[in-house]
Structures are given as structure tokens and as C-alpha cells.
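Asker: pasting the sequence and the predicted coordinates here, then a few questions.
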Amino acid sequence: MNAAVMTTDTMPAKRPWRDNALFQGWLVLLLAVVFGALLAGVQTALGPTIAANKRNETLSQVPALLAPASGAAATAKLEIDTRMLPVSRGGRTAVYRVHRARRDGQLAGWVVQTAGQGYADRIEVLVGLSPEADVITGLFVLDQKETPGLGAKIATAPWRRQFVGKPAAAPLEVVKGGGAGANQIDAITGATISSRAVVAIVNRALADVSSQLAADAGKAAP
Amino acid sequence: MSTPSAAQRFVRGILPENPVYRQMLGLCATLAVTNNLKSAVTMGAAVLFVLVCANLMVSLIRHWLTPHLRIVIFTLTIATFVTVADRLLAAFLYPMSKALGPYIPLIIVNCIIICRCEVCAAKQGPLTAVADALGQSLGFALALVSLAAVREILGTGMWFGFRVLPAAWPDWVIMVLPPGAFLTFGLLLGLANWISARRGGKEEA
Amino acid sequence: MTYFVDILLIALGAALINNFVFYYFVGICPFIGVSRRVEMAFGMGCAVTFVMTIAAAISWTMTRFVLMPGAPLTRWAAGLWLDPQAAAGVDLSILSYIVYIFAIAASVQFVEMYLRRFLPLLYRSFGVFLPLITTNCAILFACLTIMSRLVGVDDPAARWDLAQALALALFGGVGFTLAIVIMAGIREELEACDVPAPFRGVPIALVVGGILAMAFMGFTGVDNGLKTALTPPAAIVAQAPQADSGNGASTP
Amino acid sequence: MIIWVTIGLSAAAMGTLAVFFTSVLGWANRAFHVPVDPRIEACAEALPGANCGGCGFVGCREYAAAVVCDAEPVDRCVVGGQSCTEALAAIMGVDPTPSLPYRPVVHCGAHTADRLLRAPYHGEPTCAAANLVTGVQGCTYGCLGFGDCQRACPFDAIHVIDGLATVDYTRCVGCGACARACPRNIITMAPFKAERILAVACSNKDSGKDVRRVCEVGCIGCKACQRACSLFTVQDNLPSIDYDAYCPDDLGDAIRAMEKCPRHCIVAVGKPSAKDLAALGDEQLPDVVAPDFKTTVDDTEWRG
């Protein structure tokens, strides 16, 4: 590459000493700094509302996923606190986001947020568990990109309702063509991979956390 | 070569120089978000907001643009306004922001905006630039809606979520999938060319 | 072993299964605009792949060390004024879009000047399409996917490192070049075909693109099969689908 | 407090990034500086920038580069006209003498009726495709009449009339698109020293006997024109005109050659002369009837 640096005659260099690169790019510097500051301002202004939206989206599902409370407790307000539960099993550490729901002090149940690889892309689900973390009380699909019309049916209520009441201890299996036994889930016709993916995600999450949650439940119950 | 006035720019933007059907710009967003009408309309609104702000900003600073940093400055301005739009959408219209997902940031590289900045805003005054932005984004929104209407009704038999076709309609799932987008847009483009050729318009696109 | 399988799956996913053009719809403008002749399409593909790899490298480093919430550099810088606990709370992830597009535009401008100086012939054959690469959605999409695998993931083990990011960018570019060259080949044949006048040019190209997209849909799900095939049996028992398997570029 | 730190840090981060990129680009702009002749830039500015191709170049920048680098005549730009020519001449410092206008000449005079051995051809209706098929018509040199030149002309100045490409010199700007489009290369650009010049309306190089078998009006290479006037030189049965020595005012023996030619292959081409216009004076030209609505694309484009 030729070492001689030619004067930039394409740039109308009115004042030669203003020739260095930084000066020509002054507009870019100014814009970059101004926009950086502007966006940071927007972030601090809107940040909390966006975070609230994100949290509400998951928390608004939690009541639906818990076991239906009976009697007086039904109307009491739910307090939900979320914590990250690191789990290491079989040489693999995974972090789960666990929401603990309490109704006026009494443990109402757990909701575990987990995700895994579906047919086409990630599937993010919420699994509701009973206080002793032994029975599944609900399932909600937060985010999925499965094939619309086929795999996307995992988000529909009828299919998800199959999970309610299934025992958490034994791993669930996917069965084709109805006749669902104690721990069997009927696959969606034409979308067996998606159905199997969701069941696998739920199984792994339960296998990872149910023991620890049950222990916590034992400790926490007054 | 007379530089067109604000009104001309506005009118041209919608049909004669429709950014999607005539200039073939912004195809990434056109194909991606038009599997349902709601996201198409929101994308149109987002592009309107960003295009107007970007055109305004660029036309204000057009005298200090240096040739070899021109593109960098345009993209920087557009990226800022898109981030602002994205944050506003996430704060106030969260479900829609989730539906549009990755395609909002792709407005930054939407060819329409950079092209309008280069062609119109960098050369003319703020008023013409804004008029041009309005025209172009309306044209863009029109194209999006036309495509989304066809794809959603064929794919799911619904418009904006309301069932239009009887439930017995076998959903053409392909319409909501990528191949459907290509096919529908190709056919619509052919139709547009045919109509304009029949109406004795100037040469096809 | 599973680390290389992971990289292979990312590469295969980006090139074929989740092909940027046919699955994620990015990079359509050059896909329609440039695919008139095969050599030009191939040249464009290489330029896009090159710029995409540079942009991915820059955006990964920027995201990992500055833009991520609690990124080391930001935490150190904030630590100068705030107490360490608050410093961890400083989050610059909002800057990600500007930083990426800044990196892309600058690298395209750099490549343009480099070509103009050392490869004038290639530069002239690109002509107007070189600046068009900046507005190429594929490159920004690659950066966004990398960001989503760094920021959007709460499980630290599943975060992508530089090698995985570069694998996505490089093979995403290869997938893009593949798509655009196939398209250019078909369109060269189309020139001699008897296409009705309103469909000549872009409309017929889009219809052909639709059929190509259908063909590429055949690849969906292949990476799952490959994943189970390639991961050694021992690992399967211990680890059913990972909390966040790295294969397949997911949208944030 | 944390707000100010966030804003300050983001501004600082963007600032450092901007400094890094601008300095790299600035250095690259200087290090990779390509010595571009400023005159090209100036000429490109002077040209209208419509990239219409009227000057025979792809775009205005190419024409500007040609004017500066390989001394292309400055009055080629059709759209720009006189003002453009003067501007270019001023930049280049040459006097804006109008150079000879180059116009296309079709070296074939045979209409559909004159061509013998024409086979019924239902293939691709373009000259390029028909040219690949042997036996479409007897003469393998002459005009095929499928209108590739007509489609190529951006100024609608050449039409296939009764099977033969005919140039409408009133509209033609001499951009050469038709010459490039013709697969048989029978359209050449000739310098028009006058409104109308003589040209040879044939390109068949076979012997007289073969020509008679395939064409009613083709040149049989009898060399009558060469004997009558020194302008014509006959090589393998086809006369060609030496346009440099061609002077429009003393055409005496060239006119004699034209009359002597038994096949009337030597014709005058160019803008319609006063005589022709007078002849048409009274005839009422039908105005172009635009089809109000065509069910299908016009059939030459799309067969069935």
C-alpha cells in the first residue's frame, strides 16, 4: 500500500489544518453522543414500564395456573415473589425462574418458567405446581414459533388442560390417538414433534425442581 | 430537472411511486409482517413515525453532510428513532410489540427509509421531506394492508381476529408461512403491473 | 464433543434449515434486486458474508463487554462513580441497535473504499449495490440474533461465545449466498422463457422464490434429528433437551 | 444519581465508538484515496443525470468518464442538448464544434414479401431466438423482423414495418441501442454528413446465384456501382461505402451508380426529404388509435 499520504483534494479542504479525519467526522461524533444520551434518557423514562409489562405478562398467568382455591381463600389477594433457582443435575447446571404464590400467608402453589427447543424454535412455558409440588396444576405457553395451524395448537386451552392433575413425580409420555392414561398426554395430530417437545420440557423442569420445591414447601409451610 | 414540490412528492408516494409495488423497496418487512392485518397496520404506523422523524432530521442537517460519512449519519439517525419507536411500543402496546418481535429493529435497514433520506431529504427542505415521508409511508402501509388482507383471510379465514370466512374454510396454512408470502406478493405485483399496463400507465415496473 | 456439535448445528441451521432469506425473510431487497446474473449474485453474496462476519465480531464484543446488563466493562466504568452494587444495575442494552447499525455502516463504507482502491473492477461491477448492503436486513438480523442469544438468555451457560456467533454469521452469509445464486441461476433461464408481460421481471422472481421457500421448508426439523444423532448416547441420558440448546437461531 | 451515570456512560460509549469509526474511515478515505480526475465529477454534474442512454453509454457518469479519459465528442448528450455541450466543452477546454451525428442504417431492404424460402416459424418471437434456428428464412444475413431492435430502442425510433426494421430518423438520437440489439448485426452507425445519405440496403455476402434464390431485392455483387463511382468498393459480392471520402454536395457519379444498380440496393436514408413530405401533403394521416382495452398482451409479445 503506498505510504505517501496524498492530500485529500476530493474534500474541499478550505482550511488545510482542519484536514484530519476527526474534524471531518464532527457531525458523526456529535450525533453519536447526542443520540446516546437521548436513548439513555428514554431508557430510564420507559424502562420501568417495560419491565412491569414483562413481569405482568407472566404474573397475570400465574393465578390461572394454580389449583383453584376453595372457600374463603379464593378471594384473598395473591402475593407472588420470583426467584432464580439454580439446579445442577447430571453434570448440567440450569437456572429456573420460579414464582412462589402465597394466599394470605398460606402457600398456594408454584409456577416454574422454563424453555426448550421445539420443532422450529424455542418454546417458553409456565408450569403450575401444587404446594407440595407433586401435582401439575396448569400449563401456559408464553412464547412459541411453531408452525401456525399445526404446532401452534400447543398454546390452545383444550390441549394444555390435559396437563392439569397429572402427577409431577413420574415423567409424562406422549400418546397418539386418545386413551390418555394417568401420565399420558394425547399428541396433536400432525404435530407430534411439537407435542413431544413440550412434554419433554415439562418433564425435565419437573425432574429438576420438584424435589427442591417440595423441600422448600415443607420448610415454608407454617 | 425540476425537483418535485412537497405536494407532488406526497401524491407520488402513495400510488405512482409506491415504495413497494413500484420501487420494490422494503420487501423484507412487507413479506415478514403481513401474515396478519393487525401487525401489518402496526408496522405501517411504526414506519410512518420513523420515516417522518428521520426525514425531518436529515433535511435539517443536510448542509453539513460529508460525502464519505453520509450513509453512516443516515443510519445513525434512523436507528435512534427506531429504538425510540420500539421502546414506546414495548411500553404502551406490549402484546403488539411481542407479535412484531424482531421485525421492528429491521425497520432500521428498511430500504425505503434510507432511500428517501438519500433521494429526498438530503436534497430538499424539511417541508418537502416530511410530505415525501408521509406519502411514502402511506403507500407502504397501503401495500402492507393489501398483502396482509389476502394472506390472513386465506390463511386463517379471519381479519383482525374476527372470523370472516365460515369455520368450514380449510385454512391455507401455506399463506401464513414464508412461501405463501412470496407467492402472494408475486401474484399481487403481477396484478398491479397488469392493471397499470391496461390503464395505459407508463412502462411496467 | 457436544461443543463442536453445537457449532455444527448452528452453522447448519443458519445455512439451510433457518435460511435467512427463506425462513426469516431478511435480505429480500438484494435477493430480488441483484439476482440478475450469477457472477454478480455470487459477488454480492461474498461481500454480504464478509461484512456480516465483521459486523458479527464487532457486535458480539460490544454486546458482551458493554451492552449486556451487568457487562464487565460497564460495571467497571460505573464503579468509578457508583458503589459496586448500584454499578451492576447500569444497563446500556438500549444502545444495541445504534451500535450494530453503526458498526455495519462503517464496515460497509470501509469495504467500499477498500474495493474502490484495490479491486476497481469488482467495485464497478457492484456499482449501486454496495451501499445497498448497508440496508441489507440480513446483516442486522444476524447481529440481533447474536444479541438475543447473549442478552435474552438468563441461563449463563447457554450464552453464545465468539465462535458460535461467528459460526452463525458466516454460515448465515453462506445460506444467503446459496439462496441468491440459486435465484440468479433460475432468473437467467427465465429471461428466455415466455413469461406474460405483467409478470416479467420481479413478479415471476417472487413466485419462483415462493417455490424455493417451499423447498427449503423441507429442511425444518432436520437439526433436531441431527442433534439427537450426533450427541453421544452417554450425554443423552443425563441431559434431555438442554434448558437452552444453542442450535437454530431463534428470534429474540 | 444512577440515571446520570447511565446517560453519561451511554454518551461516552457512543462517543468512543464514533471516534474510533470516524478516525478509521477518515484514515481509510485518505489512505485508499483513488486519484479521481475532478473533471469527471464536474462533467457528471453538468450532465442531466437521467442515465437515459441516449449518448450510447450506460449512464451519465460513464459518458463523463469517456469524455474526460478517451476524448469522446462533447455533443453526444441528447437530452442535455446545446447547453450541455457547451458546459462540457468549457470543462474540457475544447471548442464545441458539432461533431457528425451518427445514425443507424439498416443494411437490408427486403420486406416479408421479398424474402423467399420463409418457413412457418412458431418458436420464440424474438430475433435472438429466431437467429439460432437455421431455415427460418432463405437469407441467413438479412433482417428477421421480430423486433428486438424495436424493443431495445428507448426512443421508439425504429419499427418493424412489413417485416423490415425501418428507422424513424425524426425521432432517432443515434444512441446505438438497436445496433447492439440486432443479433445479425445488420444495423451499423453511419456518420450523416447531410440530412440524407446513400447507403447499401443489403448485407448478403453470397454469390449472385444464391442471392437470387433467397431474395427478390438482395445485392448480387455485379460490381456495377464500383465501376460507376469510386466511393463503392465491393468485397465478396457486397459493396460498402467509404463514408470518410463521402461528400454530400458532388454526388454525381454516386447517383449514377444508384440508378445503374439492377437490384436498387443503394438507397437514400435519413429524414424524409421535402419531396416526400410534399407527396404526403394532402393525405390525411390517421391519428394513432390507442387500443382502449386489450384482452391479452399484444400478440407479438406472447404467443397463445
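Answerer: Sure, I can see it.
Asker: for chain A, name the helix or strand with the lowest mean pLDDT.
Answerer: Least confident element among the helices and strands of chain A, by mean pLDDT, DSSP states H and E: helix A:21-24 (a mean of 67).
Asker: heading C-terminal from that helix, find the next helix or strand.
Answerer: Sequence-wise, the next helix or strand downstream of helix A:21-24 (DSSP states H and E) is helix A:26-59.
Asker: does anything pack onto that following helix? Which helices or strands?
Answerer: Packing contacts for helix A:26-59, counted by 3 or more Cβ pairs under 8 Å, 6 or more residues apart in numbering or on different chains; DSSP states H and E, involve helix B:70-92, helix B:94-100, helix C:96-118, helix D:2-31. Where you see a C-beta, it was placed from the backbone N, CA and C, and this is true even at glycine.
Asker: select, out of those, the one closest to chain A.
Answerer: When those are compared by Cβ to the nearest Cβ, helix D:2-31 sits nearest chain A, at 1.9 Å.
Asker: from the middle of its chain, how far away would that closest one be?
Answerer: With Cα atoms, centre = their mean, to the nearest Å as the basis, helix D:2-31 stands 53 Å off its chain's centre.
Asker: quick one: is that helix near chain C?
Answerer: Yes: contact of helix D:2-31 with chain C is found when judged by Cβ under 8 Å from any Cβ of the partner chain, involving D:2, D:5-6, D:9-10, D:12-14, D:17-18, D:21, D:24-25, D:28-29, D:31.
Asker: buried residues in the helix or strand that comes right after that helix, which are they?
Answerer: Following helix D:2-31 in sequence order, the next helix or strand is helix D:38-46 (DSSP H and E). By neighbour count on 16 or more other Cβ atoms under 10 Å in any protein chain shown, the buried set for helix D:38-46 is D:39-40, D:42-44, D:46.
Asker: likewise for stretch C:195-205?
Answerer: So stretch C:195-205, judged by 16+ other Cβ under 10 Å, has buried residues C:195, C:197-205.
Asker: which among the residues you listed gets closest to chain D?
Answerer: Closest to chain D out of the buried residues of stretch C:195-205 is C:Ala197 (4.4 Å), distances taken as Cβ to the nearest Cβ.
Asker: from B:Ser196, how far out is that closest one?
Answerer: Note on C:Ala197: its distance to B:Ser196, by Cβ to Cβ, to the nearest Å, is 11 Å.
Asker: would you mind measuring the gap between the ends of stretch D:137-149?
Answerer: 19 Å (Cα to Cα, to the nearest Å).
Asker: would that stretch count as contacting chain C?
Answerer: No: using Cβ under 8 Å from any Cβ, stretch D:137-149 never reaches chain C; the gap is at least 12.8 Å.
Asker: quick one: is that stretch near chain B?
Answerer: No: between stretch D:137-149 and chain B, judged by Cβ under 8 Å from any Cβ, nothing touches; the nearest distance is 15.9 Å.
Asker: apart from its neighbours in sequence, what residue is nearest the residue in chain D that chain B sits nearest to?
Answerer: At 4.9 Å from chain B, D:Asn29 is the closest residue in chain D, using Cβ to the nearest Cβ. Nearest non-adjacent residue to D:Asn29, counting by Cβ to Cβ, 6 or more residues apart in numbering or on different chains: B:His68, 4.9 Å away.
Asker: what's residue 195 in contact with, if anything?
Answerer: Going with chain A. By Cβ atoms under 8 Å, 6 or more residues apart in numbering or on different chains, the contact set of A:Ser195 is A:154, A:159, A:174, A:185, A:187-188.
Asker: that's the other chain; I wanted chain D
Answerer: D:270-271, D:273.
Asker: again, only using 10 Å
Answerer: D:169, D:248, D:268, D:270-274 (Cβ atoms under 10 Å, 6 or more residues apart in numbering or on different chains).
Asker: same deal with D:Phe146?
Answerer: For D:Phe146, the contact set (Cβ under 10 Å, 6+ apart) comprises D:121, D:123-131, D:136, D:160, D:163, D:165, D:183, D:300.
Asker: distance check, it against D:Ala44.
Answerer: Here the criterion is Cβ to Cβ. By it, D:Phe146 lies 37 Å from D:Ala44.
Asker: now D:Gly81
Answerer: On the measure of Cβ to Cβ, D:Gly81 and D:Ala44 end up 17 Å apart.
Asker: tell me the mean pLDDT for the helix or strand where B:Leu189 lies?
Answerer: Taking DSSP H and E as the criterion, B:Leu189 maps to helix B:178-198. Taken as a whole, helix B:178-198 carries a mean pLDDT of 88.
Asker: that helix and chain D in contact?
Answerer: Yes: among the residues of helix B:178-198, B:194, B:197-198 lie within reach of chain D under Cβ under 10 Å from any Cβ of the partner chain.
Asker: which strand or helix spans the residue of the stretch 101-250 of chain D at minimum distance from chain A?
Answerer: Closest to chain A within the stretch 101-250 of chain D is D:Cys175: 30.9 Å, counting by Cβ to the nearest Cβ. Counting by DSSP H and E, there is no helix or strand that carries D:Cys175.
Asker: my guess is it contacts D:Val78, does it?
Answerer: Yes: counting by Cβ atoms under 10 Å, D:Cys175 does reach D:Val78; the two are 7.2 Å apart.
Asker: more neighbours, these two?
Answerer: Neighbour comparison, D:Cys175 and D:Val78: the larger count goes to D:Cys175, with 24 against 19 (by other Cβ atoms under 10 Å in any protein chain shown).
Asker: for that one, what are its contacts?
Answerer: Residues in contact with D:Cys175 (Cβ under 10 Å, 6+ apart) are D:52-57, D:76, D:78, D:102, D:104, D:152-155, D:157, D:189.
Asker: identify the bridge partners of D:Thr166.
Answerer: On the basis of DSSP bridges, D:Thr166 is bridged to D:His159.
Asker: does it touch D:Val106 like I think?
Answerer: Yes: contact status for D:Thr166 versus D:Val106: in contact at 6.9 Å, counting by Cβ under 10 Å.
Asker: need the overlap of contacts for those two.
Answerer: Common neighbours of D:Thr166 and D:Val106, counting by Cβ under 10 Å, 6+ apart, are D:143, D:158, D:269.
Asker: weed out the non-buried ones from the residues you listed.
Answerer: Neighbour counting by 16+ other Cβ under 10 Å classes D:143, D:158, D:269 among those as buried.
Asker: closest to A:Val28 out of those residues?
Answerer: The shortest approach to A:Val28 among those belongs to D:Ile158, at 50.9 Å (Cβ to Cβ).
Asker: count the residues that sit near D:Thr112.
Answerer: If you count neighbours by other Cβ under 10 Å, D:Thr112 ends up with 13.
Asker: and C:Arg116, what does it touch?
Answerer: With contact taken as Cβ under 10 Å, 6+ apart, C:Arg116 is in contact with C:122-124, C:126, C:130, D:32-34, D:36.
Asker: and those residues, which two are the farthest apart?
Answerer: Within those, two members stand farthest from each other by Cβ to Cβ: C:Phe126 and D:His33, at 19.1 Å.
Asker: for the buried ones among the shared contacts of D:Thr166 and D:Val106, which one is nearest C:Tyr100?
Answerer: Closest approach to C:Tyr100 among these (Cβ to Cβ): D:Ile158, at 51.6 Å.
Asker: hmm, the closest one is touching D:Arg171, no?
Answerer: Yes: contact criterion Cβ under 10 Å: D:Ile158 and D:Arg171 qualify, at 8.8 Å.
Asker: surely D:Ala254 meets D:Tyr246?
Answerer: Yes: the pair D:Ala254 / D:Tyr246 is scored as a contact, 8.1 Å apart, by Cβ under 10 Å.
Asker: neighbour count winner among these two?
Answerer: The neighbour comparison of D:Ala254 against D:Tyr246 (other Cβ under 10 Å) goes to D:Ala254, with 21 against 16.
Asker: got the contact list for the residue lying closest to the more buried one once chain neighbours are set aside?
Answerer: By the measure of Cβ to Cβ, 6+ apart, the closest residue to D:Ala254 outside its immediate chain neighbours is D:Cys229, 4.7 Å from it. Taking Cβ under 10 Å, 6+ apart as the criterion, D:Cys229 is in contact with D:198, D:239, D:241, D:251-258, D:260, D:266.
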